[in-house]
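Trainee: Okay, predicted coordinates and the sequence, questions at the end:
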Amino acid sequence: MEQKKFDFNSFIGMLLLGGIMLWWMNTQKPEETPETTTQTEQTTDATTEVQNTLTENTVANDSLQQIALQNKFGAFAYGASTSKEGSTSIENDLVKLTIDNKGGQIIEALVKNYKTYDSLPLYLVKDKNASFNINFGTTDNRILNTKDLLFTPSLTKNGDTQVLSMKLKVSETQFLEYRYEIKKGDYRVGFAVRSQGLNNVINGSQEINLDWNLKGFRHEKSLKTENMYSHYYYKADDEVDYLQMNDDEVASDVNWIAYKQHFFSSILMSDTPLNNATLKSVDFAGEEKDSVYTKTYGLKAPLALTNGELNYNMQWFYGPTDYNLLKTYEGTNLNKISDLGWGIFGFLNRTVFYPVFNMLKGFIGNYGLIIILMTIVVRIIMSPVLYKSYLSSAKMKVIRPEMEEINKKYPGKENAMKRQQEIMAVQRKAGVSMMSGCIPALMQMPVFFALFKFFPTNIDFRQKSFLWANDLSSYDTIFNLPFKIPFYGDHVSLFPILASIAIFFYMKMNQSQQANMQAPTQEGMPDMSKMMKWMIYFSPIMMLFFFNNYASGLSLYYFISNLLTITIMFVIKNYVIDEAKIHAKIEENKKKPVKKSKFRERLDAAMKQAQEQQAAQQRAKKK
């Protein structure tokens, strides 16, 4: 067998071949050139390129937007481009206002410490029910509305005072400003409209108009009653007036405008009177239970430039129509929007009922008891008049037989004048006047109509409960009907029922007195006693229907008032008046000579002349 040997030449060849391969691999490594960069550097360059492209596009878009704003708003394009949408709130312990950047106007007015009839927060402005706008022309022939433009807000606070400046800018030094200032414990909010540096921007040759519109929210249970006591009030030429239903009017020298919604009002006051102001009120005509609004109010008034600029100092008021509050604003006459009645009715409310009410509520917290005490005070004041009425009735009862004898002595139409003359002579000797029975009723009428205004408009009674009535300013309900009765409603109120029953018994008790006060029925004259019998039943029914939808406080007053009147009449009739003494007094008076006044002498002479003419006519007919 052949044995293998080591081949030295082959070993050297393998080493040389390995060295050649190592050299070749090292010499073939690629070189770095500008064309062969790293992946990181390629990514960075691509990002930079995209950013440069976006920047160029943004600049282009901004330029296009600026051009569009310039075309639309002209000089006010600066403010449109620098302002943003949003809102700012200012508030104190009584009211909270939210002002929108768009239009610089109030978009929410919340009256604190009060609720709606269904226990919701009470807003006078919300959900775009109000609009405040200034319409003006510019020197570059544009017509702009502030409600469409963006204002820039700036809120500052100084203790309890908050100041909100809303600027509609042309530049940083040229602007139209709305300035709101609210202080603690005041429903009034300072409001200034002024411009700076716009004398070459606003076109003074065109009319500048202020427009303020509001749709009144419903706040009370009875929509019909709320609408009845909601009115458009304004003060012009130092006189307070109001618009009739669905009316419009042009007024000058207007100091303030009040959009009254029964118990709450939105008011704009101006230190500089507004001239040629167009006022408009549209009444809500329906009675839908689910209605949101009551009335629509509108104001359009031109504003004047002073040295090419706007400069108006105004005030907003969003709050209760409280007579006691409004009368503290001296020199404004705002208390007249409380609607206490005209003439003697308003006089009684201002000088008698409000002072008495304010005194009683100072130490009594139950407003039902206050009504009862006020009723007692009124009845005590009126009791002397009631006594005089009963005294006259008793005297008429004593002389009634004599008057009946005169009727028998002078029968027929031809003796009517003589009969009337004799009856008046008997009454005069007895010291009785036919008017004495009418005077008590006439004296009570102003009280009736004054309180008819006092209870439904006094905000202190609003949402104050008494017994089963949960709101003395509105009707009480003991039962809801499944249908509606014309002129009555769809519910049953208990206080009007009680008041109607009391009226029935009062009139029943008063029937004999009224019969005594009437002279015996003369020939050819209607029998008044029969009419009175019908009135005993008709009046309570009318009361029941009329007051079913009115303030329960008013019905409570009439209920208590009639009960007290019945009691006083009973005491006077049974324990005060003595008919025997009255008869003796009348007989004594008959013996005394009666001194006639000049008026009586002229009246007797006229009656005698008429009697002679009547006799002459009768003689002429017989011939």
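Mentor: Looks like it arrived, so ask away.

Trainee: Where does Leu214 sit, in terms of helix or strand?
Mentor: When elements are assigned from DSSP states H and E, Leu214 belongs to strand 208-217.

Trainee: helices or strands next to that strand in the packing?
Mentor: Packing contacts for strand 208-217, counted by 3 or more Cβ pairs under 8 Å, 6 or more residues apart in numbering; DSSP states H and E, involve strand 121-125, strand 130-137, strand 254-261, strand 264-274, strand 293-303. Every C-beta, even on glycine, is put in place using the N, C-alpha and C of the backbone.

Trainee: Name the surrounding residues that touch it.
Mentor: Strand 208-217 is contacted by residues 123-126, 129-137, 202, 230, 257, 259, 261, 266, 268, 274, 292-305, 310 when judged by Cβ atoms under 8 Å, 6 or more residues apart in numbering.

Trainee: That strand pairs with which strands?
Mentor: Neighbouring strands of strand 208-217 in its sheet, by DSSP bridges, are strand 130-137 (antiparallel), strand 293-303 (antiparallel).

Trainee: Put together TSV for those, with mean neighbour count on each row.
Mentor: TSV is the format used below for those (neighbours: other Cβ atoms under 10 Å):
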stretch	mean neighbour count
strand 130-137	20
strand 293-303	20
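
Trainee: out of those strands, which comes closest to Ala236?
Mentor: Closest to Ala236 of these is strand 293-303 (Cβ to Cβ; 11.2 Å).

Trainee: Low-confidence ranges, the stretch 401-550 of the chain, go.
Mentor: For the stretch 401-550 of the chain, the stretches with pLDDT under 70 are 404, 406, 408-423, 425-441, 511-533.

Trainee: As a check, name the ranges of all helices in it.
Mentor: 416-430, 438-457, 494-517, 528-547 (DSSP state H, counting those that start in this stretch).

Trainee: Could you give me the buried positions within stretch 101-112?
Mentor: 101-111 (16 or more other Cβ atoms under 10 Å).

Trainee: Could you single out the nearest of these to Leu369?
Mentor: Distances from Leu369 to these, taken by Cβ to Cβ, are shortest for Val111, at 27.5 Å.

Trainee: Next, the angle strand 264-274 makes with the helix or strand where that closest one lies.
Mentor: Per DSSP H and E, Val111 falls inside strand 106-115. In terms of direction (axes from the mean of the first three to the mean of the last three Cα atoms, to 10 degrees), strand 106-115 departs from strand 264-274 by 140 degrees.

Trainee: Can you verify Glu330 is assigned to a strand?
Mentor: No: per DSSP: H, G, I helix; E, B strand; the rest coil, Glu330 lies outside any strand segment and is coil.

Trainee: Where in the chain is the helix or strand with the lowest mean pLDDT?
Mentor: Taking all helices and strands of the chain together, the one with the lowest average confidence (mean pLDDT, DSSP states H and E) is helix 39-73, at a mean of 52.

Trainee: Which helix or strand lies directly C-terminal to that helix?
Mentor: helix 77-82.

Trainee: I'd like to know which elements that next one is packed against.
Mentor: Against helix 77-82 (3+ Cβ pairs under 8 Å, 6+ apart) you get helix 39-73, strand 161-169.

Trainee: The next helix or strand after the last one pairs with which strands, and in what direction?
Mentor: This points to strand 161-169. Per DSSP H and E, the first helix or strand lying C-terminal to strand 161-169 is strand 175-182. Using DSSP bridges, the strands paired with strand 175-182 are strand 161-169 (antiparallel), strand 188-196 (antiparallel).

Trainee: Of these, which is nearest Leu544?
Mentor: strand 188-196 (43.3 Å).

Trainee: Let me see the mean pLDDT of the closest one.
Mentor: Average pLDDT, strand 188-196: 94.
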